[in-house]
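*Asks:* sequence and predicted structure below; questions after.
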Amino acid sequence: MVNCVNGCGSLKAVAYEGVTIDSCNSCLGIWLDYSELTHIVKTKEQSWSNEYIESITNEIDKPGIHNSENDRNLSCPKCNEVMPPVNYQYSSGIIINTCPSNHGVWLDSGELDKIQIFMEKWRETASQNQSKYAAALAEAKAQHEAQLAIDPSQGPSRFEFINAIFLGILKFTE
Ligand SMILES: [Zn+2]
Ligand SMILES: [Zn+2]
């Protein structure tokens, strides 16, 4: 049983796009692990109205993390460690919280929609993004390969690797 990081009580297991995620009935937050988030981002089952996509698009795509996010001090429901805020894909403006020991990711109400809309938009403009992120990706890849040299069994798949970069697991300087 997993409890809501906002203290609402226990989360409810919900089927979503082929995976089971833990959802809070009260604050509508979601707890899931990286592989589940990766799966959801890859799967295009959910669709949204153009109006909704437009409103989300206006809201997202901002770099940095507001101080108020740092003050939240959300604890991982599995290990109780503080989950620092991460700007998903570095500059999406979608601030998620991730367990430093990789137990999972906390998404506030609506953030799963925002991530999917952001990633679909991002894929549409992948060629521009490639040049935008090329240097950062090269640096992250070098760090990733250095890590693999230490323990090859820890290597995530190519997609998970890219997704992990955007989750901020692999740190690099821009
Ligand atoms: Zn809650
Ligand atoms: Zn944890």
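*Replies:* Thanks, I have the structure now. Ligands and ions are numbered 1, 2, ... in the order given.

*Asks:* in the chain, which helix or strand is least confident?
*Replies:* None of the helices or strands of the chain scores lower by mean pLDDT, DSSP states H and E than helix 158-167, at a mean of 52.

*Asks:* domain map for the chain?
*Replies:* 12-124, 126-167 (automatic domain parsing).

*Asks:* which residues of the chain lie near ligand 2?
*Replies:* 76, 78, 79, 99, 101, 103 (CB under 5 Å from the ion). Yep, even glycine has a C-beta here, placed from its N, CA and C like the rest.

*Asks:* quick one on the thing from earlier: which one of the domains of the chain has the most crowded surroundings?
*Replies:* Highest mean neighbour count of these: domain 12-124, a mean of 16 (counted as mean count of other CB atoms under 10 Å).

*Asks:* how far off centre is that one?
*Replies:* 5 Å (CA atoms, centre = their mean, to the nearest Å).

*Asks:* try stretch 5-17
*Replies:* Relative to its parent chain, stretch 5-17 has a centroid offset of 17 Å by CA atoms, centre = their mean.

*Asks:* residues making contact with it?
*Replies:* By CB atoms under 8 Å, 6 or more residues apart in numbering, the list of residues contacting stretch 5-17 from outside reads 1-4, 20-27, 29, 31, 39-40, 43, 45-46, 74-77, 83, 97, 106, 112.

*Asks:* near ligand 1 too, which of those?
*Replies:* Restricting those to those touching ligand 1 (CB under 5 Å from the ion) yields 4, 24, 26, 27, 29.

*Asks:* closest one of those residues to ligand 2?
*Replies:* For the ones next to ligand 1 among the contacts of stretch 5-17, the residue nearest ligand 2 by CB to the ion is residue 4; the value is 14.6 Å.

*Asks:* need the contact list for the spatially closest residue to the closest one that is not a sequence neighbour.
*Replies:* Spatially, and ignoring its direct neighbours in sequence, residue 4 is nearest to residue 24 (4.2 Å; CB to CB, 6 or more residues apart in numbering). Neighbouring residues of residue 24 by CB under 8 Å, 6+ apart: 4, 6, 8, 9, 11, 12, 30.

*Asks:* go on, residue 95?
*Replies:* 65, 66, 69, 85, 86, 87, 88.

*Asks:* where does the closest residue to residue 111 other than its chain neighbours land on pLDDT?
*Replies:* The shortest distance from residue 111 to any non-neighbouring residue, by CB to CB, 6+ apart, is to residue 94 (5.7 Å). Note for residue 94: predicted pLDDT of 89.
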